[in-house]
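Chemist: A predicted structure for the sequence below; I have some questions about it.
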Amino acid sequence: MNEQTSQATTTETPFRYTAQLAQRIELAWQDRWEEEGTFDAPNPAGPWAEPDKVAARGEKLCVLDMFPYPSGAGLHVGHPLGYIATDVYSRFHRMLGRNVLHALGYDAFGLPAEQYAVQTGQHPRKTTEENMATMRRQLRRLGLGFDNRRTFATIDPDYYRWTQWIFLQIFNAWYDADAVRADGGRGRARPIADLVAQFASGERPLPGGDKRAWADLSDAEQARVLVGYRLAYTSEAPVNWCPGLGTVLSNEEVTNEGRSERGNFPVFRRNLSQWMMRITAYADRLADDLDRVDWPEKVKLMQRNWIGRSAGARVTFPVRVASGPRAGTTTGIEVFTTRPDTLFGATFMVLAPEHPLIDSLVPEEGWPDGTHEDWKGADAEASGTPRAATAAYRLAASRKSEVERQSEGKDKSGVFTGSFATNPVTGQPIPVFVADYVLMGYGTGAIMAVPGHDDRDFEYASRFSIPIVRVVAPSADEADAPLVEAFAGDGFVVNSSSEVADLDGLPVEDAKARIIAALEQRGIGVGTVNYRIRDWLFSRQRYWGEPFPVVYDEEGVVHALPEEQLPLTLPDVPDYSPKTFAPDDAASLPEPPLSRVPEWVEIELDLGDGRGVRRCRRETNTMPNWAGSCWYYLRYLDPANSEALVDPANERYWVGKQATPVAGAPEGTKDPGGVDLYVGGVEHAVLHLLYARFWHKVLYDLGHLSSEEPFRTYFSQGYIQAHAYTDSRGQYVPAAEVQEHPGGPGQEPTFTWRGAPVNREYGKIGKSLKNSVSPDEMYDAYGADTFRVYEMSMGPLELSKPWETRAVVGAQRFLQRLWRNVVDEETDAVVVGDVPPDQALTTQLHRTIQGVREDFEGLRFNTAIAKLIELNNAVTKLDVAPREVVEAIVLMVAPVAPHIAEELWARLGHPGGIAHAAFPVADPSRIIEEHVTCVIQIRGKLRDRVEVPPDISETELQGLVLARDKVRAATPDGVRTVIVRAPRLVNVVPM
């Protein structure tokens, strides 16, 4: 439309629903919602207690979105997809009379703000608060019905006071595997004071066979004992150390090439003292309780795989210590295996490069007899001695990421330690190697290698000339059949007999049971369950995070800060960047930014333990940004409460257990409680959900919560994708600057950026692909309601969908037609009439109400919108729009397009607002079908259809069908039988 035509249209229809009118309507209603507290949800107790309002409303509903991080770039159109969906769902249920809690805060600690602070010297708080202001404006403009009283950010001291408080609950707790829970199961967290009391009374012996009394141990010795039990503890842990950045990195921040995502610096695996969370204590409950929540099966599977529970045996392989003060003595290498039935086929062992036993297994002198040349490693200069060869290999391995080390198909590498272990069931010496395909993060960091029945071990044995023995065969007759590849199938055990056990001829499962019994009898192994999940690394060498609420005394003993000293706030620092080192300086140690504030680090403090003031040192690491996002959903319930994390009555009301289990739970399962609907991207479906579940279960065990799970129902939304463009280097270029050139007949269009050709692809919309579209552009061009309708109509919420700006106009036309059904575009008069709809429209109306209610409940917003468009189109064809139908449409549109619905509802004479108006209810008695389709079959096969009245008699229907040409042609010799099921089916059987 050219400018002249546009001006003429505006003059002729001054009250047309345009982007400008939409903006005026939307801003006005947003102001009114805020002034009136339209979406404020009353609490039963605490600072916002309104028990009368709670009682007056219907059932409660807690709906939440995953915590957003306030990016400096602001939102793109992919971000609001989930927020709009939860808003539609919340508004729908609010109209059903429910007390709905829907809130949103900000996950505001994070690396991007700190990186910007390092570059500019600007405090990360300033950057973060500016980003939050931008995001808050964009979200408000979208018309989301949040209870904004409940908004907070993780950087608020009043919030992270409670993050620190939770940390102290975990620090001051241990997991008693024998304690009986309220549900009858065994294992729960208990206060560390209970454990101390058990040690002090002698009820529990000291670990390691220590016969001393608890009171005879020094403070430092007692602390060391408790470290082995605390749910939060310090430990030497393998981490991704990046000297070039001066910080430890998470696995997600390391590339497949073993370099930092930021800066492309080398990353080394180092053992450093770090804070850890003993999440492994909860592995069984985290796996088992997935049956109690209503989550997508793919997400449950992801969590189960991450936990990685597997049954097998721990077996000890004796080995002679080759060096150090214990040289000449015997120690053991412990392995975990899920296939103890294959022990007789173990012909070598492999240790992870980080394994602590390696140094003691490497002899001081040369290679022992029996060492093959290819066992000495690939580094010719280092292969002269075992010590030089293993050191060179371990350094090379430290420069690789875990992903790179585990990559399928990569060439196997390794080096012989110079020591032989003894296979405990055959008595044969087997070489012990160091190889990077074994990780410390699973099992014991050591494997017994059975090359006959494991692909990786087969490749390794073939590469290093190690014997390969078959110990499982499809049948006992094939015991001596040659192996050209690893046999991983089921079958019978062969070549597996000694004085320890005789497994020959047994099926695999029976052999497992027999060998475990034999190992346990001889004290060389034990049946056990192992887990892939490792304890959670909880330290970051960064500034912009929650300070740990602990201090170290002069003996290095960790003490919790008294609760009245919380929050421990971040001091200002002279430099936000950690100390960096030469990129290859693997021996360097972290020096976090907080270490540069000695007056904050070194303090004198009374810890309230009766020992007076003493010198202490604060922790200079900070918590990871996971900390604040582990529990934010609980703070939404009671954010003004300064006396407790959450008032117990509010927690029980909003997320407490319900009488019936979730859909699909096994019979007899009890509801675990939790948020009624939690929506977010699948990229956070493992770690965020797992960490939140762990913290929640600890708080439940300690009596702070009544619910056992944080999220009763989780819905995984899809992505919004858009075209992205890459230049000849494969680099992404700004999609908004790309020009499209139509192709000739039958040819695809071409694309250029700054005159150079570019390639087009689809990808997740966002900053990295330079294909972002800001919602601000949509607000200006179409209005927020149109944007909302478009996003909700793009397709199923759980699937990824392509963004197409030109398609947004379809959503705008729907709202314009709805507007015209109520408002005259020339006069601004209401044109709805008090006329009854005919039967066809009445039937369509009530069928639409029924379908839309079901679709909203099932988060099928795209199909709900399709039904509303169809009904609205039917009204558009009438001379006068019936009030009964139009008001129902406006009510049903309200959750998706709330601003225009509010405006039309007011113009229709309802001044009270639509947010809490009653959603229409379908009346089945008013759904009267004028015709139904009758299916006609000949010998059970479909041959014809006919439209008939729904009340047609069987006799009338039979006569009608037999007279049809297709039926007569199919029955030339007459009819044997006619089966009539009026009005929908007739089956004719010819002679």
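Modeler: Here it is on my side, so go on. Numbers count the residues shown, from 1 in each chain.
Chemist: now stretch 517-535: buried residues?
Modeler: A518, L519, I524, G525, G527, N530, Y531, R532, I533, R534, D535 (16 or more other Cβ atoms under 10 Å). For every residue, glycine as well, the C-beta is placed using N, CA and C.
Chemist: low-confidence ranges in the protein?
Modeler: The model of the chain has pLDDT under 70 over residues 1-11, 252, 380, 401-404, 406-410, 441-443.
Chemist: returning to what we had before: out of the buried residues of stretch 517-535, which one sits closest to F751?
Modeler: For those, the closest approach to F751 (Cβ to Cβ) belongs to R532, at 44.7 Å.
Chemist: outside of whichever strand or helix holds D776 itself, list whatever touches it.
Modeler: Assessed by DSSP states H and E, D776 sits inside helix 775-781. Outside of helix 775-781, the residues within contact range by Cβ atoms under 8 Å, 6 or more residues apart in numbering are 19, 23, 74-77, 79-80, 138, 141-142, 784, 786-787, 808.
Chemist: those residues in strands, which ones?
Modeler: Judged by DSSP state E, strands contain none of the contacts of helix 775-781.
Chemist: need the nearest residue in space to the residue nearest the centre of the chain, chain neighbours excluded.
Modeler: Nearest to the mean C-alpha position of the chain, by Cα atoms, centre = their mean, lies A685 at 1.6 Å. Once flanking residues are discounted, A685 sits nearest to V299: 4.5 Å by Cβ to Cβ, 6 or more residues apart in numbering.
Chemist: if we can go back for a sec, and the residue nearest to the centre of the chain, how far is that from Y282?
Modeler: 18 Å (Cβ to Cβ, to the nearest Å).
Chemist: for T120, same thing?
Modeler: Distance from T120 to Y282, counting by Cβ to Cβ: 41 Å.
Chemist: neighbour count winner among the two?
Modeler: Using other Cβ atoms under 10 Å as the criterion, T120 and Y282 rank with Y282 on top: 25 against 12.
Chemist: would you confirm that the more buried one contacts K697?
Modeler: Yes. Counting by Cβ atoms under 8 Å, K697 is a contact partner of Y282 at 5.7 Å.
Chemist: tell me the buried residues within the contacts of helix 775-781.
Modeler: Buried subset of the contacts of helix 775-781 (neighbour count, 16+ other Cβ under 10 Å): 23, 74-77, 79-80, 138, 141-142, 784, 786-787, 808.
Chemist: closest to Q30 out of those residues?
Modeler: R141 (7.5 Å).
Chemist: wait, the closest one touches D785, no?
Modeler: No. With contact defined as Cβ under 8 Å, R141 does not count as touching D785 (11.2 Å).
Chemist: need the overlap of contacts for those two.
Modeler: Counting by Cβ under 8 Å, 6+ apart, the residues touching both R141 and D785 are E26.
Chemist: the stretch 401-550 of the chain: strands as residue ranges?
Modeler: Counting by DSSP state E, counting those that start in this stretch, the segments of the stretch 401-550 of the chain that form strands are 415-422, 429-434, 446-449, 472-473, 492-493, 525-530, 536-537, 550-552.
Chemist: reformat those as CSV; add distance to D638.
Modeler: Listed next are the strands of the stretch 401-550 of the chain as CSV, based on distance: least, Cβ to Cβ, whole Å:
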stretch, distance to D638
strand 415-422, 57
strand 429-434, 53
strand 446-449, 49
strand 472-473, 59
strand 492-493, 60
strand 525-530, 39
strand 536-537, 26
strand 550-552, 26
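Chemist: element containing M349?
Modeler: Assigned by DSSP H and E, M349 falls in strand 348-351.
Chemist: now do the strands in the stretch 751-900 of the chain.
Modeler: Along the stretch 751-900 of the chain, counting by DSSP E, counting those that start in this stretch, strands occupy 756-757, 759-764, 801-802.
Chemist: mind listing the strands the second one pairs with, and their directions?
Modeler: Put plainly, it is strand 759-764. Counting by DSSP bridges, the strands paired with strand 759-764 are strand 720-726 (antiparallel).
Chemist: other residues contacting the partner strand?
Modeler: Identification of contacts with strand 720-726 by Cβ under 8 Å, 6+ apart yields 77-78, 81, 732-733, 735, 738, 751, 753, 758-765, 769-771, 773, 791, 794, 800-803.
Chemist: can I get that strand in PDB, CA atoms only?
Modeler: Taking C-alpha atoms only, strand 720-726 is exported to PDB below (Å, rounded to 0.1, in the frame of the first residue of the first chain):
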ATOM      1  CA  ILE A 720      11.900 -20.000  17.200                       C
ATOM      2  CA  GLN A 721      14.200 -20.300  14.200                       C
ATOM      3  CA  ALA A 722      15.000 -17.800  11.500                       C
ATOM      4  CA  HIS A 723      17.100 -17.500   8.400                       C
ATOM      5  CA  ALA A 724      20.700 -16.900   9.000                       C
ATOM      6  CA  TYR A 725      23.400 -16.000   6.500                       C
ATOM      7  CA  THR A 726      27.100 -16.900   6.200                       C
END
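Chemist: can you tell me the strand partners of the helix or strand following it and which way each runs?
Modeler: Where DSSP H and E defines the elements, the next helix or strand beyond strand 720-726 is strand 732-733. Take DSSP bridges as the rule and strand 732-733 pairs in its sheet with strand 720-726 (antiparallel).
Chemist: and stretch 222-238, how far apart are its ends?
Modeler: 25 Å (Cα to Cα, to the nearest Å).
Chemist: which of the strands of the stretch 401-550 of the chain sits closest to Q198?
Modeler: strand 550-552 (23.5 Å).
Chemist: what comes up buried for the closest one?
Modeler: For strand 550-552, the neighbour count (16+ other Cβ under 10 Å) marks V550, V551 as buried.
Chemist: from the contact counts, what lies against whichever helix or strand comes after it?
Modeler: Following strand 550-552 in sequence order, the next helix or strand is strand 558-560 (DSSP H and E). Helices and strands touching strand 558-560, by 3 or more Cβ pairs under 8 Å, 6 or more residues apart in numbering; DSSP states H and E, are helix 157-171, strand 550-552.
Chemist: ok, now with 7 Å
Modeler: Here strand 558-560 touches strand 550-552, going by 3 or more Cβ pairs under 7 Å, 6 or more residues apart in numbering; DSSP states H and E.
Chemist: neighbouring strands - and their directions - for the strand it packs on?
Modeler: Paired neighbours of strand 550-552 in the sheet (DSSP bridges): strand 558-560 (antiparallel), strand 613-618 (antiparallel).
Chemist: list of residues touching that strand?
Modeler: V558, H559, A560, L561, L605, C616, R617, R618, E619 (Cβ atoms under 7 Å, 6 or more residues apart in numbering).
Chemist: go again with 8 Å.
Modeler: By Cβ under 8 Å, 6+ apart, the residues outside strand 550-552 that reach it are F171, V558, H559, A560, L561, I603, L605, L607, C616, R617, R618, E619.
Chemist: from the chain's centroid, how far away is that strand?
Modeler: 32 Å (Cα atoms, centre = their mean, to the nearest Å).
Chemist: and what of stretch 652-660?
Modeler: Counting by Cα atoms, centre = their mean, stretch 652-660 comes out at 23 Å from the chain centroid.
Chemist: please indicate which of the contacts of strand 720-726 are buried?
Modeler: Neighbour-count burial (16+ other Cβ under 10 Å) applied to the contacts of strand 720-726 gives 77-78, 81, 732-733, 735, 738, 751, 753, 758, 763-765, 769-771, 773, 791, 794, 800-801, 803.
Chemist: how about P624, what does it touch?
Modeler: Contacts of P624 (Cβ under 8 Å, 6+ apart): S250, L537, F538, S539, R540, G545.
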